[in-house]
Each structure stands twice: as structure tokens, then as C-alpha cells.
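Student: structure of the sequence below:
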Amino acid sequence: MSDVNRPGETIVGSGPAPAAEPERTRTITIINRGRFDAYLTSHFPIARASAALEFPREGLEGARLHVPAGASVRIPVGEPVSVELMWD
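Tutor: Numbers count the residues shown, from 1 in each chain. The predicted structure follows:
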């Protein structure tokens with residue numbers, strides 16, 4: 001094995017990649033007033049969420065869930081769920 005890197009070579013670290021720290025965060029409570037469970041994903045803009053989801057929408061432009069990439073949060077019908085939001 002040589003100490004020279006080859007073009008396109010991937011050099012793997014010893015642990016998980018650190019997540020970027022968000023500019024700011026905020027916790028809100030969401031209640032699903034729809035007929036079916038709802039799922040919010042990590043990269044979906046919260047301000048565009050279904051009208052069946054009841055939460056204070058003012059000031060949430062650019063916010064998304066503060067969960068790992070690809071993750072989602074289930075919002076059952078009629079149950080309040082607290083979620084943390086983040087702005088990049």
C-alpha cells in the first residue's frame with residue numbers, strides 16, 4: 001500500500017461525518033387534523049406542509065425538521081407531536 005492518493009480515491013474517516021450546526025432552532029407542536037397519519041421528512045419545507053397539520057406557520061419560511069437526512073417524523077391523527085425545526 002502506498003501513501004499516494006489516486007484520482008477519485010475515497011478516504012474514509014474513523015467515525016460518522018459531523019452534522020452542520022443550524023443557524024437557529026425552534027420547537028413547535030403539530031396536531032394532525034386530517035383523516036390519515038402524516039409524515040414530514042427531513043428536507044421538506046415545514047411552511048409548505050399540509051393544511052391538515054395545525055401549527056403556528058408565521059416565521060417558518062426556510063425551516064425544516066431538525067432530524068438526520070432521509071429521516072421522517074410521523075404525525076398521528078389528533079395527537080400533538082413536538083418537533084424541532086432548524087434553519088440552515
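Student: L40 is in contact with A49, correct?
Tutor: Yes: the pair A49 / L40 is scored as a contact, 6.2 Å apart, by Cβ atoms under 8 Å. Using the backbone N, CA and C atoms, a C-beta is placed for each residue, glycine as well.
Student: between those two, point out the one with more neighbours.
Tutor: L40 (21 against 17; other Cβ atoms under 10 Å).
Student: could you find the closest non-adjacent residue to the more buried one?
Tutor: The shortest distance from L40 to any non-neighbouring residue, by Cβ to Cβ, 6 or more residues apart in numbering, is to V73 (5.1 Å).
Student: now do the same contact list for the one you found.
Tutor: Applying Cβ atoms under 8 Å, 6 or more residues apart in numbering to V73 gives the contacts Y39, L40, L65, V67, V81, V83.
Student: any idea how far the last one lies from E21?
Tutor: Here V83 is placed at a distance of 18 Å from E21 (Cβ to Cβ, to the nearest Å).
Student: check the fifth one too.
Tutor: If you measure V81 against E21 using Cβ to Cβ, the figure is 24 Å.
Student: hang on, the earlier thing: C-terminal to the host helix or strand of the residue nearest to L40, what's the next element?
Tutor: Per DSSP states H and E, V73 falls inside strand 72-75. Counting by DSSP H and E, the next helix or strand C-terminal to strand 72-75 is strand 80-87.
Student: give the other helices and strands that that next one contacts.
Tutor: Contacts defined by 3 or more Cβ pairs under 8 Å, 6 or more residues apart in numbering; DSSP states H and E place strand 80-87 against strand 24-32, strand 63-65, strand 72-75.
Student: export those to CSV and tack on mean pLDDT and distance to P16?
Tutor: Output for these, formatted as CSV (pLDDT from 0 to 100; distance: least, Cβ to Cβ, whole Å):
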stretch, mean pLDDT, distance to P16
strand 24-32, 97, 20
strand 63-65, 95, 19
strand 72-75, 96, 20
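Student: out of those strands, flag the one nearest P7.
Tutor: Of all these, it is strand 63-65 that lies closest to P7, at 35.2 Å by Cβ to Cβ.
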